[in-house]
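Peer 1: After the sequence you'll find the predicted model.
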Protein chains: 2
Amino acid sequence: MIHVVDDEEPLRDALAWLLRSRELDCRTHASGEEFLAWLARDRTGQAEPGAVLLDVRLGGISGTEVFDRMRAQALAPAWPVIYLTGHGDVPMAVEALKQGAFDFVEKPFNDNSLVDRLMAALAESRRRLAESAEAGRREERLAGLTAREREVLALVLEGCYNKVIADRLGIAMRTVEVYRARVFAKMGVRSAVELARLFGEREEP
Amino acid sequence: MIHVVDDEEPLRDALAWLLRSRELDCRTHASGEEFLAWLARDRTGQAEPGAVLLDVRLGGISGTEVFDRMRAQALAPAWPVIYLTGHGDVPMAVEALKQGAFDFVEKPFNDNSLVDRLMAALAESRRRLAESAEAGRREERLAGLTAREREVLALVLEGCYNKVIADRLGIAMRTVEVYRARVFAKMGVRSAVELARLFGEREEP
DNA sequence: GCGCCCATTGTGGATTTCCACAACGCCGAT
DNA sequence: ATCGGCGTTGTGGAAATCCACAATGGGCGC
């Protein structure tokens, strides 16, 4: 789903037509406020791949302000933003990209070029969603651990022997074994190596 | 060390003066060919933090071509490139950043702004060098493993028991223990967990 | 009060990991 | 021929890990 945010109705319609002719689903928004309100209301659609075509100069709040809010409020984080502008200059474009925009296109644009960029943005969206899903599953499993289990997890990830963990937590080695087994079961792993690889170089939260 | 690549001598001199007044070491190059030849000759300086100020329009090969060659030949990979241009447009700037340039600045530029960007580039350079040093150490240690030790490493990272590894490689379990111990020693770790974290989610090479 | 969850611990026994000390054969470089 | 490295293996014993089966006490929600 491509979201078009532009206050010029003829352009919105032309873009909608172009996207539909390329078999891309799209939804248009006449202002930044309208788009942000829609984002705040509909959170489920944000789990699907998508991208945003965002005009820099909007009637109400600017496109840049829309983007800043999306990021600040984690709205549709998996949807790359492509800026559209009829009056852009180099510093503006550079700053937009450095702030994390996916692309920056001047109007009038070449249809094929824009569609290519949108396809690239959708591919990026799918990548972000996959990454986010995995992180979500890991966080969900982590959330199921008790405080004590988390403590043991942290020490296991340091490579400590059960005996050392027991000493450090002031409990019996048998208890460490119990927690260790529970952590493995809840995290869906069969060994400390699998657990370590699940977290990679990240510290446990 | 900041490298200035520009065919206009007055600008090179002005930039050198500006950088020195801010206590930044710099070296100037009058053409892309000169800079590339210098890079090919002096590899040791590339282990120090640095950045490149690269004019887009050069007399011989273009700044863009210089950048492409730096990346293709892995020349000074730790040095971020900031493009300078007096005739840039939005698509050029966007493309440059999407190709991996660190920044893009139009002439005439604001002194303070340019220096800020260079400081940011030097910080990025230090980050890249640190990351590269760590990867280098890991690769160096990996290079010290025999073929057999690598095979055992791969299976250890899958979380296999020594007994399973022995079955799969058609050797005695005692032999697996020997290789395992050697892998740990050579990689500088004390446990399979430390080893797994060293590689994170990466597959062993 | 009852049930559930959490934290904790024990027994007994099996399996896995670790390693000092020892050894052999093959291959390539000197 | 000698040496060093690689791949391989054994003995014996200690330490670490794993877990079925069992249990206790405290806190919380119904």
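Peer 2: Perfect, thanks for sending it.

Peer 1: Count the neighbours of A:Ser21 for me.
Peer 2: For A:Ser21, the neighbour count with other C-beta atoms under 10 Å in any protein chain shown is 10. C-beta coordinates here come from the backbone N, C-alpha and C atoms, glycine included.

Peer 1: Can you spell out which helices and strands pack onto the top helix by length along chain A?
Peer 2: As assigned by DSSP state H, the longest helix anywhere in chain A is helix A:111-143. Applying 3 or more C-beta pairs under 8 Å, 6 or more residues apart in numbering or on different chains; DSSP states H and E, one finds that helix A:111-143 contacts helix A:9-21, strand A:51-55, strand A:81-85, strand A:103-106, helix A:173-187.

Peer 1: how close does the nearest residue to A:Met173 once chain neighbours are set aside get to A:Val178?
Peer 2: Excluding the flanking residues, the one nearest A:Met173 by C-beta to C-beta, 6 or more residues apart in numbering or on different chains is A:Ala166, at 4.4 Å. Using C-beta to C-beta, to the nearest Å, we find A:Ala166 at a distance of 11 Å from A:Val178.

Peer 1: ok, those two, which is more surrounded?
Peer 2: A count of neighbours by other C-beta under 10 Å puts A:Ala166 above the other of A:Ala166 and A:Val178, at 19 against 15.

Peer 1: so that one, which of the three states?
Peer 2: Taken by DSSP: H, G, I helix; E, B strand; the rest coil, the conformation at A:Ala166 corresponds to helix.

Peer 1: can you pull the pLDDT of it?
Peer 2: pLDDT, A:Ala166: 95.

Peer 1: My read is that it contacts A:Ala172, right?
Peer 2: Yes. A:Ala166 lies in contact with A:Ala172 (C-beta atoms under 8 Å); the separation is 6.1 Å.

Peer 1: before we move on, back to that, following the longest helix of chain A, which helix or strand comes up?
Peer 2: Toward the C-terminus, helix A:111-143 is succeeded by helix A:147-157 as the next helix or strand (DSSP states H and E).

Peer 1: Mind exporting the C-alpha coordinates of that next one to CSV?
Peer 2: C-alpha atoms of helix A:147-157 as CSV (Å, rounded to 0.1, in the frame of the first residue of the first chain):
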residue,chain,number,x,y,z
ALA,A,147,12.9,-11.6,37.2
ARG,A,148,15.0,-14.4,38.5
GLU,A,149,15.1,-16.2,35.1
ARG,A,150,16.3,-12.9,33.5
GLU,A,151,19.1,-12.7,36.0
VAL,A,152,20.2,-16.3,35.2
LEU,A,153,19.9,-15.5,31.5
ALA,A,154,22.3,-12.6,31.8
LEU,A,155,24.9,-14.7,33.6
VAL,A,156,24.5,-17.6,31.2
LEU,A,157,25.1,-15.2,28.3
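
Peer 1: And that helix, what's buried?
Peer 2: For helix A:147-157, the neighbour count (16 or more other C-beta atoms under 10 Å in any protein chain shown) marks A:Arg148, A:Glu149, A:Glu151, A:Val152, A:Leu153, A:Leu155, A:Val156, A:Leu157 as buried.

Peer 1: cool, stretch A:88-97 as well?
Peer 2: Neighbour-count burial for stretch A:88-97 flags A:Gly88, A:Val90, A:Met92, A:Ala93, A:Val94, A:Ala96, A:Leu97 (criterion: 16+ other C-beta under 10 Å).

Peer 1: Now do the contacts for A:Leu169.
Peer 2: By C-beta atoms under 8 Å, 6 or more residues apart in numbering or on different chains, the contact list for A:Leu169 reads A:Arg148, A:Glu151, A:Val152, A:Leu155, A:Val176.

Peer 1: typo on my end, it should be A:Ala16
Peer 2: So, once contact is read as C-beta under 8 Å, 6+ apart, A:Ala16 ends up touching A:Val4, A:Cys26, A:Thr28.

Peer 1: tell me which parts of chain A are close to chain B?
Peer 2: Within chain A, the positions adjacent to chain B are A:88-91, A:93-94, A:97-98, A:103-106, A:156-159, A:189-197, A:199-201 by C-beta under 8 Å from any C-beta of the partner chain.

Peer 1: Tell me the pLDDT of the closest residue to A:Leu75 other than its chain neighbours.
Peer 2: Leaving aside its sequence neighbours, A:Leu75 sits nearest to A:Leu39 (C-beta to C-beta, 6+ apart; 4.4 Å). Looking at A:Leu39, its pLDDT stands at 95.

Peer 1: ditto for the one 3 residues further on
Peer 2: Looking at A:Asp42, its pLDDT stands at 86.
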